[in-house]
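> Quick one, structure for this:
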Amino acid sequence: MDSHLHSPIQGGNIRPNQNQHPSRSSAIQQQIQIQRENINRKRKRINEQPQIQQPQPQTALLLEDPLPKRSNDQIIQEDKVINYILKLKPRTNESRSASARILVSSSEAEYLESPTIDFSTKLKDHFKIDQFSVSENVIGAIERYIFIQGSSEQVGQAVVFISFVLRARLNRFVRGEMFTLKSSNYEINLLIRHEDYPSDSFLNSFSFKAIEDSYPLPYNQNLGIHLLHIRTDFNTLFQFVVALSLRGTSLPSDDFKINPTLLFGIHTDPNLFSLSESRGELLAKSRIQAKAFLFPS
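Predicted structure coming up:
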């Protein structure tokens, strides 16, 4: 063996391998690069996933449904109604002094005679009627009546406008019900004297949507007075009131009064609050039989 060759085991100096360190550093850098790419890929997948909306915090539980807001979009404006009514003309040029009595509830009467509403002035300004009044409140009665006086055309126009106020403003109960100038769901209750009550042929000459009357029975114990309920459109109601006014009599407001309807009449009160001897015996026997049935021995 040559003497210039030295074995590393025999005490020669060990020199580091120059090629080994760069390769190890490169491998570490590759591993770091791979980890970065993996992290970037994970971030990209997270960003691409759809966002899941978190549930919103619930408010306090409602024990009752909230009252729906009443919209006036389906009710024609009052000024348009007045302009339309003023354009209504009767089928005949005949005109005379006339009057009409409209039955209303006590709450409706309170609204119409309220000073803040000033309904009387509104009717007189727009329809030029001579008189508008509301009957006095009678203890024991739940109804009152309106008295209108003027020409037959003026009375007809005022009745039409009152039907609009009562039906579309005060008694609009059906949600979504429409009230337009051509709607046929306007209602009115007319009080008519027996002498002026229209015949069936006269009533059938008008295209009412619905009609009810108390004829031949009197209204509310008022002899000679009948109640006529009409459901129709503006024009038909106007033509009917005008035609009825031309064939009827015009009476002063004090000629008609509403008698209160008592809950118990004079013929039924004694039977409710007093018992004869025979009825008392029957009542006692019925009680004994009821106890025997409920509590058998």
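
> what sits against the nearest residue to residue 224 once chain neighbours are set aside?
Excluding its sequence neighbours, the residue lying closest to residue 224 (Cβ to Cβ, 6 or more residues apart in numbering) is residue 194, at 4.4 Å. C-beta here means a position set from N, CA and C on the backbone, and glycine is covered the same way. Residues in contact with residue 194 (Cβ atoms under 8 Å, 6 or more residues apart in numbering) are 218, 224, 225, 226.

> Where does the residue lying closest to residue 170 once chain neighbours are set aside fall, secondary structure wise?
Ranked by Cβ to Cβ, 6+ apart and with sequence neighbours excluded, the top spatial neighbour of residue 170 is residue 108, at 5.9 Å. Assigning secondary structure by DSSP states H and E places residue 108 in helix 106-112.

> Report the buried residues of that helix.
Neighbour-count burial for helix 106-112, counted by 16 or more other Cβ atoms under 10 Å, picks out 108, 109, 111, 112.

> Would you mind measuring from the first one to residue 148?
Pointing back at residue 108 there. According to Cβ to Cβ, to the nearest Å, residue 108 stands 15 Å off from residue 148.

> Please apply the same query to the second one.
Between residue 109 and residue 148 the distance, using Cβ to Cβ, works out to 14 Å.

> try the third one
To residue 148, residue 111 is 16 Å away according to Cβ to Cβ.

> rewinding a little: can you give me the pLDDT of the residue nearest to residue 224?
pLDDT, residue 194: 80.

> cool, the one 4 residues further on as well?
pLDDT, the model's per-residue confidence, is 82 for residue 198.

> How about residue 11?
You'll see residue 11 listed with a pLDDT of 44.

> Just grab the bridge partners of residue 134 for me.
residue 146 (DSSP bridges).

> So what's the residue count around residue 117?
When neighbours are defined as other Cβ atoms under 10 Å, residue 117 has 13 of them.

> Run a quick check on it versus residue 109, I expect a contact.
No: assessed by Cβ atoms under 8 Å, residue 117 is found out of contact with residue 109, at 11.5 Å.

> just checking, next helix/strand downstream of the element among helices and strands of the chain having the smallest mean pLDDT?
Lowest by mean pLDDT, DSSP states H and E among the helices and strands of the chain is helix 269-273, with a mean of 46. Using DSSP H and E, the helix or strand that follows helix 269-273 towards the C-terminus is helix 277-294.
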